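S.K.: just coords:
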């Protein structure tokens, strides 16, 4: 029996086993690889040796050992003549092994032998195998931030579009890596190339999904590219008007899209544009929206828009936003309840009840109605200062005005009682929350359990109340999981603050107002749903968690803003 016959048997066995279970494939491939190696030792001639090594390459690939396959390929290239090695199948095995082994320098070298026609191939070879490998090379180069190579392989796909069409997803797969790397220049270049290519083929530009554009808007916000943010938002509006992604088919961006672009503009300190979009957001999902899909929590500063006041506190931009709101009023533009709630909560998170109360009283002067979040901001001051009586009085007052407390109201009431260390008040607040059919947040339950840990065994009222909450709201699984720290958002805010601290004027604002900062009024911790740091009950104002400072030990001050508030809300203004 010749070596070629033995090789054919090995190859046929491999082909049969490829259709079996995956585990059997790997076992059979390893066994056949060993047989092929034995054959090579028995027949030390060049021609069958090359064939046997090709079987070995295939066996290593199937067995999930691409590094061995790549090593074998280079050994073959070293011992065989170029005429014997310039074969499509051998180089294809080597290229696939290099990609499987994530050895992109080797893969790039081997693939260029195909693109430069050193190794010849047929049209069907490109359609079946090479086009997919070129795509992987483009994505792999982009993931390694080798932009020239990524563009080279994308261009190769475009050059061969007659054999295999190039889809918009091929451009976006490279584009998203450029976006994450902050290379907005490549993102813009790729968007232009995708539009041009699609226009040439279909007569119209690319239509991106909303999720794709949201990712690009987020990246543009991190890169503080304001013009590109606005361009992407207009693109999103245009694409959404043609094909709505919302279930109600209203051809409007989703609430998540509005939140993404507002967040991006806030990162760039573009207050006027951010306020315009908040008003548009309210019109699309708040009280002004009369169609299906109204979502009050989406425009709440304690839910969908909670990032806005948090960013203001962290970056010391309360005064800047207040000036932007005043400018809107002076220009005759609408100033809505949500805009005032953003300012009110931002000030409240500084722990300054006096200034927050001034803003709350000003709603009527400006012809703006209060809602539950307006009073929640004042209750947040009570939580920061551990004033249970004040929170109870505020709750009674808002209900007397016909304003129904929401879930954030009740959770703030519980958190205030926890901050004061008043177990009886915590039990009462939990019972009232459940009676109102509102969910107690997991983070609040965790802090309440810490307070109940020292409860006397003879009076386990708090533990019993918490057990009822956990059982009725099915919180067992959630309590076993850590609270989401949203690392990406905090890291992004830290980098943004560090990169723009010197140029944005934050440091100067802090230095000018440092001497008039009221003692004891410090930045509060995160809202109950996002608190991460274990906080024991205290009687004095709570200290902020370290990660909420975004890398800064100083805090924005309030005296300048307090005088602005007094002047702005005088009758007749």
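M.R.: Alright, I've got the coordinates. Keep in mind that this is a model prediction, so the values were computed, not measured. Numbering: from 1, shown residues only.

S.K.: what ranges in the stretch 51-200 of the chain fall below the confidence cut-off?
M.R.: In the predicted model of the stretch 51-200 of the chain, residues 51-65, 79-86 satisfy pLDDT under 70.

S.K.: do a quick rundown of the helices in it.
M.R.: With helices called from DSSP state H, counting those that start in this stretch, the stretch 51-200 of the chain shows them at 66-79, 82-85, 88-100, 104-115, 123-125, 131-143, 147-159, 168-180, 184-202.

S.K.: now the stretch 251-400 of the chain
M.R.: Going by DSSP H, counting those that start in this stretch, the stretch 251-400 of the chain shows helices at 255-267, 271-285, 307-315, 318-330, 337-348, 353-365, 372-384, 388-400.

S.K.: want to try TSV for those helices, with distance to residue 209 and mean neighbour count as columns?
M.R.: Bear in mind the C-beta positions are built from the backbone N, C-alpha and C, glycine included. Shown next, in TSV, are the helices of the stretch 251-400 of the chain (distance: least, Cβ to Cβ, whole Å; neighbours: other Cβ atoms under 10 Å):
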stretch	distance to residue 209	mean neighbour count
helix 255-267	11	23
helix 271-285	19	20
helix 307-315	23	23
helix 318-330	32	18
helix 337-348	28	27
helix 353-365	39	18
helix 372-384	32	26
helix 388-400	42	17
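
S.K.: hmm, back to that, for the helices of the stretch 51-200 of the chain, which one sits closest to residue 377?
M.R.: Closest of these to residue 377 is helix 168-180, at 35.1 Å (criterion: Cβ to Cβ).

S.K.: and the helices of the stretch 251-400 of the chain, which one is worst for confidence?
M.R.: Among the helices of the stretch 251-400 of the chain, helix 307-315 has the lowest mean pLDDT, at a mean of 81.

S.K.: by contact count, what packs against that one?
M.R.: On a contact count with 3 or more Cβ pairs under 8 Å, 6 or more residues apart in numbering; DSSP states H and E, helix 307-315 meets helix 255-267, helix 337-348, helix 487-504.

S.K.: and that helix with helix 337-348, angle?
M.R.: Helix 307-315 and helix 337-348 are oriented at 30 degrees to each other (axes from the mean of the first three to the mean of the last three Cα atoms, to 10 degrees).

S.K.: contact partners of stretch 116-123?
M.R.: Contact with stretch 116-123 is made by 86-88, 91, 112-114, 130, 163, as judged by Cβ atoms under 8 Å, 6 or more residues apart in numbering.

S.K.: report the buried residues of that stretch.
M.R.: Neighbour counts over stretch 116-123 (16 or more other Cβ atoms under 10 Å) mark residue 119 as buried.

S.K.: start the count at 223 instead of 1 going forward.
M.R.: Sure thing, new numbering starts at 223, so read that last one as stretch 338-345.

S.K.: what about stretch 551-569, start to end distance?
M.R.: 20 Å (Cα to Cα, to the nearest Å).

S.K.: got it, and stretch 580-593?
M.R.: One end of stretch 580-593 sits 16 Å from the other (Cα to Cα).

S.K.: that older thread, show the buried residues in the contacts of stretch 338-345.
M.R.: Applying 16+ other Cβ under 10 Å to the contacts of stretch 338-345 flags 313, 334, 336, 352 as buried.

S.K.: right, and the first one touches residue 336 too?
M.R.: Yes: under the criterion of Cβ atoms under 8 Å, residue 313 is in contact with residue 336, at a separation of 7.2 Å.

S.K.: so which of the helices of the stretch 473-622 of the chain is nearest residue 692?
M.R.: Closest to residue 692 of these, according to Cβ to Cβ: helix 594-606, at 22.3 Å.

S.K.: now the angle from that closest one to helix 610-622?
M.R.: Angle, helix 594-606 to helix 610-622, by the same axes, to 10 degrees: 170 degrees.

S.K.: packing partners of helix 594-606?
M.R.: Under the contact definition 3+ Cβ pairs under 8 Å, 6+ apart, helix 594-606 sits against helix 559-570, helix 575-587, helix 610-622, helix 629-642.

S.K.: tabulate those helices (JSON lines), appending distance to residue 440.
M.R.: Converted to JSON lines, the helices and strands packed on helix 594-606 look like this (distance: least, Cβ to Cβ, whole Å):
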{"stretch": "helix 559-570", "distance to residue 440": "20"}
{"stretch": "helix 575-587", "distance to residue 440": "30"}
{"stretch": "helix 610-622", "distance to residue 440": "36"}
{"stretch": "helix 629-642", "distance to residue 440": "25"}
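
S.K.: nearest to residue 496, of those?
M.R.: Closest approach to residue 496 among the helices and strands packed on helix 594-606 (Cβ to Cβ): helix 559-570, 9.4 Å.

S.K.: can you name every helix or strand that the closest one contacts?
M.R.: Under the contact criterion of 3+ Cβ pairs under 8 Å, 6+ apart, helix 559-570 touches helix 493-507, helix 529-537, helix 540-552, helix 575-587, helix 594-606.

S.K.: could you point out which of these sits nearest residue 648?
M.R.: Smallest distance to residue 648 across these (Cβ to Cβ): 12.4 Å, for helix 594-606.

S.K.: what's the angle between the closest one and helix 575-587?
M.R.: For helix 594-606 against helix 575-587, the angle by the same axes, to 10 degrees is 170 degrees.

S.K.: other residues contacting stretch 427-436?
M.R.: Outside stretch 427-436, the residues touching it (Cβ under 8 Å, 6+ apart) are 390, 393-394, 398, 413, 416-417, 420-421, 454, 457-458, 461-462, 464-465, 467, 475-476, 478-479, 482.

S.K.: rerun at 7 Å
M.R.: 390, 394, 416-417, 420-421, 454, 457-458, 461-462, 464-465, 467, 475-476, 478-479, 482 (Cβ atoms under 7 Å, 6 or more residues apart in numbering).

S.K.: next one: stretch 549-565
M.R.: With Cβ under 7 Å, 6+ apart, stretch 549-565 has contacts from 497, 500-501, 504, 521, 523, 527, 530-531, 540, 543-544, 547, 581, 585, 588, 590-591, 593, 595-596, 599.

S.K.: so, low pLDDT: which residues of the stretch 573-722 of the chain?
M.R.: Within the stretch 573-722 of the chain, the ranges that satisfy pLDDT under 70 run 703-722.

S.K.: next, format the helices of the stretch 473-622 of the chain as JSON lines and append distance to residue 406.
M.R.: Formatted as JSON lines, these follow (distance: least, Cβ to Cβ, whole Å):
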{"stretch": "helix 477-489", "distance to residue 406": "12"}
{"stretch": "helix 493-507", "distance to residue 406": "18"}
{"stretch": "helix 529-537", "distance to residue 406": "21"}
{"stretch": "helix 540-552", "distance to residue 406": "25"}
{"stretch": "helix 559-570", "distance to residue 406": "28"}
{"stretch": "helix 575-587", "distance to residue 406": "37"}
{"stretch": "helix 594-606", "distance to residue 406": "35"}
{"stretch": "helix 610-622", "distance to residue 406": "46"}
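
S.K.: which one of those lies nearest to residue 405?
M.R.: Here helix 477-489 is closest among the helices of the stretch 473-622 of the chain (Cβ to Cβ), at 16.8 Å.

S.K.: from the contact counts, what lies against the closest one?
M.R.: With contacts taken as 3 or more Cβ pairs under 7 Å, 6 or more residues apart in numbering; DSSP states H and E, helix 477-489 sits against helix 432-444, helix 448-464, helix 493-507, helix 529-537.

S.K.: could you dump these into a markdown table with distance to residue 365 added?
M.R.: Below are these laid out as a markdown table (distance: least, Cβ to Cβ, whole Å):
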| stretch | distance to residue 365 |
| --- | --- |
| helix 432-444 | 15 |
| helix 448-464 | 22 |
| helix 493-507 | 32 |
| helix 529-537 | 29 |
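
S.K.: quick revisit: out of the helices and strands packed on helix 594-606, the one nearest residue 695 is which?
M.R.: Closest to residue 695 of these is helix 629-642 (Cβ to Cβ; 11.8 Å).

S.K.: buried residues in the closest one, which are they?
M.R.: Judged by neighbour count using 16+ other Cβ under 10 Å, the buried positions of helix 629-642 are 629-642.
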